[in-house]
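Engineer: got a predicted structure here, sequence first:
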Amino acid sequence: LGEVRYLERTPPGRKEYDARVQFGKTAPDKVMVVSLSWEGGKWCFEDVNFPSRESFEQWSKTRPAIP
């Protein structure tokens, strides 16, 4: 597996955490990722996505401090 990127979202009254784990490329400017969400104290599989490299790199390399 490749790089992991994180996103912390804050909808009203709660925090949500997502992660994308790169596992390949589909083109020079696109990557294949497994999308995960933090639910019930563990990372859960969401989907397989194909974001642009630029979109993937906008997410943080630093894992959020999850309570």
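Structural biologist: Noted; the coordinates are in hand.
Engineer: name the strands paired with the longest strand anywhere in the chain and say parallel or antiparallel.
Structural biologist: Secondary structure of the chain per DSSP state E: the longest strand is strand 16-27. With DSSP bridges as the test, strand 16-27 is paired with strand 4-9 (antiparallel), strand 30-39 (antiparallel).
Engineer: just the buried positions in that strand, please.
Structural biologist: If you call a residue buried by 16 or more other Cβ atoms under 10 Å, then strand 16-27 has these buried ones: 17-20, 22. (Each C-beta comes from the backbone N, C-alpha and C, glycine too.)
Engineer: quick one, grab the pLDDT at the most far-flung residue of the chain relative to its centre.
Structural biologist: In the chain, the residue that sits farthest from the middle, by Cα atoms, centre = their mean, is residue 13; the gap is 21.6 Å. As predicted, residue 13 sits at a pLDDT of 81.
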